[in-house]
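In: Sequence isn't available, so here's the structure alone:
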């Protein structure tokens, strides 16, 4: 079964700083990759996804992620964060008919 | 378009009891997934139902079970509740298993 690793569980940064969240997975087959966001008190929402094609994927709210197959990575980036980006971010990998999630990154943006 | 709806929002049970959680997928979505989100553990895959059949199961004991009805809604049952079953239970749906999932707001189960 696939597994997903997210590092730096807690991230604190100031507004306008750049954000990068790492995601590494282990699975030998074809994968679909996702980043979800959970704002305080809200349900999980899809930020972006990768199925095939251009490995640089652009999502909502200025987020993007790059799939690097050789590194089994799908890191999430945003050049300039806002206070409203305070949330928990989950990387997910779908393989073998199962969507596996990482443990999440709790991101706090200080105004 | 209505999203994935879950009920109840909150559920408090005592140890040893049974809990029943319900999920209505987005209209037209045939697959329903259940996840457990416990504090510090992220989202753990529980069950996947598609077209009324259980298609896949996570590493949970048999006292976690469920079913999918002809209208594609689903029910998760947890028997012989234990304190560590306290968590947020999320339901998600998708039109087919190859697409991304849409999540509901969850049922917060507290076992006392």
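Out: Structure's in. What do you need? Keep in mind that this is a model prediction, so the values were computed, not measured. Residues are numbered from 1 along each chain as shown, chains lettered A, B, ... in the order given.

In: right, is the helix or strand of chain A with the lowest mean pLDDT up against chain B?
Out: Lowest on mean pLDDT, DSSP states H and E among the helices and strands of chain A sits strand A:98-101, with a mean of 86. Yes. Judged by CB under 8 Å from any CB of the partner chain, strand A:98-101 comes into contact with chain B at A:98-101. In short, each C-beta sits where N, CA and C put it, glycine included.

In: Just name the closest of these to residue B:66, please.
Out: Nearest to residue B:66, judged by CB to CB, of those is residue A:98 at 15.7 Å.

In: show me where pLDDT drops low in chain A?
Out: For chain A, applying pLDDT under 70 flags no range at all.

In: what residues does chain A put near chain B?
Out: Within chain A, the residues that sit near chain B (CB under 8 Å from any CB) are A:32, A:34, A:36, A:42-46, A:49, A:90, A:92, A:94, A:97-104.

In: The same query, at a cut-off of 7 Å, please.
Out: For chain A, the contact set with chain B under CB under 7 Å from any CB of the partner chain comprises A:34, A:43-44, A:46, A:49, A:90, A:97-104.

In: ok, then the element right after the least confident helix or strand of chain A?
Out: Of the helices and strands lying after strand A:98-101 in sequence (DSSP states H and E), the nearest is strand A:105-110.

In: re earlier: can you redo the residues of chain A next to chain B as CSV with neighbour count?
Out: Listed next are the residues of chain A next to chain B as CSV, based on neighbours: other CB atoms under 10 Å in any protein chain shown:
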residue, neighbour count
A:34, 25
A:43, 18
A:44, 24
A:46, 16
A:49, 18
A:90, 25
A:97, 12
A:98, 18
A:99, 25
A:100, 23
A:101, 22
A:102, 25
A:103, 18
A:104, 23
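
In: all strands of the chain, in order?
Out: No chain in the question, so chain A it is. A:3-6, A:10-14, A:19-21, A:23-26, A:32-38, A:45-50, A:56-58, A:64-68, A:73-78, A:87-95, A:98-101, A:105-110 (DSSP state E).

In: nope, chain B please
Out: Under DSSP E, chain B gives strands at B:5-7, B:10-13, B:19-24, B:31-38, B:42-50, B:53-57, B:64-68, B:74-78, B:87-94, B:102-103, B:107-111.
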